[in-house]
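Trainee: Here is the input, now give the coordinates:
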Amino acid sequence: MIELTRKQRISLAALVICSLGAATAFSIAPASMGIDAPNQTAIVESVALESTVIGASDHGIFHRQERIQRGDTLSLILQRLGAQDPAFLAFARKDRAARQLLQLRPGRTVAAELDGSGQIRRFWALVDGVDGAKGADGTNELGGEAKLSAARRVLITRTASSEQDKPTFVARDEGVQIERTLEMRGFEIRSSLFSATDEAGIPDAVATQVAEILGGDLDFHRDLRRGDSVRVTWESLRVADGLDAPVVGRVLAVEMVHQNRKIQAVWFDRGNGRGDYYNAQGRSIRKAFLRSPLEYSRVSSGFSESRLHPIHHDWRAHRGVDYAAPSGTRVRAVADGVVDAVGRKGGYGNVLSIKHPNKTVSLYAHLSGFGPGLRPGSRISQGDLVGFVGSTGWATGPHLHYEFLVDGTNVDPLKVALPTSAAVSSVEQAQFRSQVDKHMRRIALLSAPRLARFE
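Mentor: Numbering: from 1, shown residues only. Got it, this is the predicted structure:
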């Protein structure tokens, strides 16, 4: 066996390392080769790291928000926000301005700034603002235009205290601005109004307003045809810098092409919250009478001189129109008038009748209940709530029986000619023309090729 000197062993090791360097650049010679390992020294250095906590500011303040749900209390909301602050809750319960936070409205959003210990530094919530029109169940998911009030919010701020480190708070009730944005959409009817607007991403509140605005010219239960097209512009309202989602405001203009007939309506704002819908020529689009007392439904039985009665199984006249609708559906007055009778009457069940000008009467039967405060002599405006669909009296299921009488004689409410309202006065023509031209230019932007088609 050939003995190698120490110098030869070191040279041989270096040659092997160089030959394997491309593949094993960090290989270490085995200890059995007798090579002395170099001295190693551990160096410890402190490095400052930036905070990466999501939702925290540079000052350790966390920004949180939470949507109010049905049945919520302020305590539950604070828990979901991650707040641990009994002093804040005690203040909110006794301070006059802060107590408004205890009247929580589902759907709205509250916001808070919390420190690292869960104490509230700032807390704010809207107490008055923009709310959608509410349906029979008290929600605002359906209905017409939003109701705009003076928007206000409550802001509670934690302040420094020198009295035994007890926390102090200041509550301020302050006004906030309302932002208005304009939205425009066009769509084509393939089956029904609401299915088309759903597919087009248009809120139900817009579809409801369209049906109400054009309800004097079209019966949306029976007149719609496949291929009818609609273009509509409306306002969306939301609190400036707020967290709540925008709600539907007023429809400003709508144009419908129905069987090659164009029907237009624009909102003419007279100021001070007064206004109405007119066509492009200045004639009121609102008839003195609505075609239907329901916003949207279907005719289950029409006006007839002879019909097989579903309960008595004999042939008799049907002096009105039946609208099938779920129990509890809101029933509206078709015109201005005075309540003539309200109560229960034989086969009609719960029934209400209204006297209108020119010796006309409208009658609503089988109701499950009446509008609040209605009694003989009560004044009624077109569109007011008069009752709810039911099945009282001679009824096989929930529906509304609706009659229309002229000079004491029943006539078919779907065929009778309805009078129109007054036109724009001559002194308002210049103001009207300025507004209507602006609205119709927007409608024209929704050109026919851009209309969406929905099955």
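
Trainee: what does the domain assignment say about the chain?
Mentor: As assigned by automatic domain parsing, the chain contains the domains 62-176, 180-286+424-453, 298-411.

Trainee: how about those domains in CSV, adding distance to Leu418 and mean pLDDT?
Mentor: For every residue, glycine as well, the C-beta is placed using N, CA and C. What follows is those, written out as CSV (distance: least, CB to CB, whole Å; pLDDT from 0 to 100):
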stretch, distance to Leu418, mean pLDDT
domain 62-176, 21, 75
domain 180-286+424-453, 6, 82
domain 298-411, 9, 85
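
Trainee: Is it possible to get JSON lines of those domains that adds mean neighbour count?
Mentor: Shown next, in JSON lines, are those (neighbours: other CB atoms under 10 Å):
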{"stretch": "domain 62-176", "mean neighbour count": "16"}
{"stretch": "domain 180-286+424-453", "mean neighbour count": "17"}
{"stretch": "domain 298-411", "mean neighbour count": "17"}
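
Trainee: so can I have a markdown table of those domains showing distance to Ser292?
Mentor: Below are those laid out as a markdown table (distance: least, CB to CB, whole Å):
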| stretch | distance to Ser292 |
| --- | --- |
| domain 62-176 | 15 |
| domain 180-286+424-453 | 6 |
| domain 298-411 | 7 |
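
Trainee: quick one: the nearest residue to Asp72 once chain neighbours are set aside from Ser236, how far?
Mentor: Once flanking residues are discounted, Asp72 sits nearest to Leu104: 5.4 Å by CB to CB, 6 or more residues apart in numbering. Separation of Leu104 from Ser236 (CB to CB, to the nearest Å) stands at 24 Å.

Trainee: Contacts only, for Tyr402.
Mentor: 292-293, 320-323, 362-365, 413 (CB atoms under 8 Å, 6 or more residues apart in numbering).

Trainee: For it, give its distance to Ala365.
Mentor: 8 Å.

Trainee: Could you name every residue contacting both of these two?
Mentor: Common neighbours of Tyr402 and Ala365, using CB under 8 Å, 6+ apart, are Gly320.

Trainee: Spell out the residue ranges of the helices in the stretch 151-300 of the chain.
Mentor: Under the criterion DSSP state H, counting those that start in this stretch, helices of the stretch 151-300 of the chain are mapped to 193-199, 204-213.

Trainee: Show me how far the last one is from its chain's centre.
Mentor: In terms of CA atoms, centre = their mean, to the nearest Å, the gap separating the centre of helix 204-213 from the centre of its chain is 13 Å.

Trainee: and if you look at stretch 265-272?
Mentor: For stretch 265-272, the distance to the chain centre is 23 Å (CA atoms, centre = their mean).

Trainee: pull the CA atoms of the longest helix along the chain into PDB?
Mentor: Criterion DSSP state H: the longest helix present in the chain is helix 429-445. Output in PDB follows, covering the C-alpha atoms of helix 429-445 (Å, rounded to 0.1, in the frame of the first residue of the first chain):
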ATOM      1  CA  GLN A 429     -93.100  74.000 -21.200                       C
ATOM      2  CA  ALA A 430     -89.600  75.400 -21.300                       C
ATOM      3  CA  GLN A 431     -88.600  73.700 -18.000                       C
ATOM      4  CA  PHE A 432     -90.200  70.500 -19.100                       C
ATOM      5  CA  ARG A 433     -88.500  70.600 -22.500                       C
ATOM      6  CA  SER A 434     -85.100  71.000 -20.900                       C
ATOM      7  CA  GLN A 435     -85.600  68.000 -18.600                       C
ATOM      8  CA  VAL A 436     -87.200  65.700 -21.200                       C
ATOM      9  CA  ASP A 437     -84.600  66.200 -23.800                       C
ATOM     10  CA  LYS A 438     -81.900  65.300 -21.300                       C
ATOM     11  CA  HIS A 439     -83.700  62.100 -20.400                       C
ATOM     12  CA  MET A 440     -84.400  61.100 -23.900                       C
ATOM     13  CA  ARG A 441     -80.800  61.600 -25.000                       C
ATOM     14  CA  ARG A 442     -79.800  59.100 -22.300                       C
ATOM     15  CA  ILE A 443     -82.400  56.600 -23.500                       C
ATOM     16  CA  ALA A 444     -81.100  57.000 -27.000                       C
ATOM     17  CA  LEU A 445     -77.700  55.900 -25.800                       C
END
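
Trainee: Pull the distance from it to the chain's centre.
Mentor: Remark: helix 429-445 is offset 27 Å from the chain centroid, using CA atoms, centre = their mean.

Trainee: try stretch 282-299
Mentor: Centroid displacement of stretch 282-299 relative to its chain, using CA atoms, centre = their mean, is 23 Å.

Trainee: Make TSV out of the helices of the stretch 151-300 of the chain and add distance to His258.
Mentor: Formatted as TSV, the helices of the stretch 151-300 of the chain follow (distance: least, CB to CB, whole Å):
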stretch	distance to His258
helix 193-199	11
helix 204-213	12
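
Trainee: Gln84: which of these is closest?
Mentor: Across these, Gln84 has its closest neighbour in helix 204-213 (39.8 Å, CB to CB).

Trainee: If you count contacts, what does the closest one end up packed against?
Mentor: helix 193-199, strand 229-239, strand 247-258 (3 or more CB pairs under 8 Å, 6 or more residues apart in numbering; DSSP states H and E).

Trainee: Redo those as CSV? Include distance to Tyr348.
Mentor: Below are these laid out as CSV (distance: least, CB to CB, whole Å):
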stretch, distance to Tyr348
helix 193-199, 30
strand 229-239, 37
strand 247-258, 34
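
Trainee: which stretch among these comes nearest Gln119?
Mentor: Among those, strand 229-239 comes nearest to Gln119, with 26.5 Å by CB to CB.

Trainee: Name every strand pairing with the closest one and say which way it goes.
Mentor: Sheet partners assigned to strand 229-239 using DSSP bridges are listed as strand 178-188 (antiparallel), strand 247-258 (antiparallel).

Trainee: For it, C-alpha coordinates in PDB please.
Mentor: What follows is strand 229-239, C-alpha atoms only, in PDB (Å, rounded to 0.1, in the frame of the first residue of the first chain):
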ATOM      1  CA  SER A 229     -88.100  45.800 -25.600                       C
ATOM      2  CA  VAL A 230     -87.500  48.200 -22.700                       C
ATOM      3  CA  ARG A 231     -84.900  50.800 -22.000                       C
ATOM      4  CA  VAL A 232     -84.800  52.500 -18.600                       C
ATOM      5  CA  THR A 233     -82.700  54.900 -16.600                       C
ATOM      6  CA  TRP A 234     -82.900  55.300 -12.900                       C
ATOM      7  CA  GLU A 235     -81.100  56.900  -9.900                       C
ATOM      8  CA  SER A 236     -79.200  54.900  -7.300                       C
ATOM      9  CA  LEU A 237     -78.800  56.500  -3.900                       C
ATOM     10  CA  ARG A 238     -76.200  55.900  -1.200                       C
ATOM     11  CA  VAL A 239     -74.700  57.700   1.800                       C
END
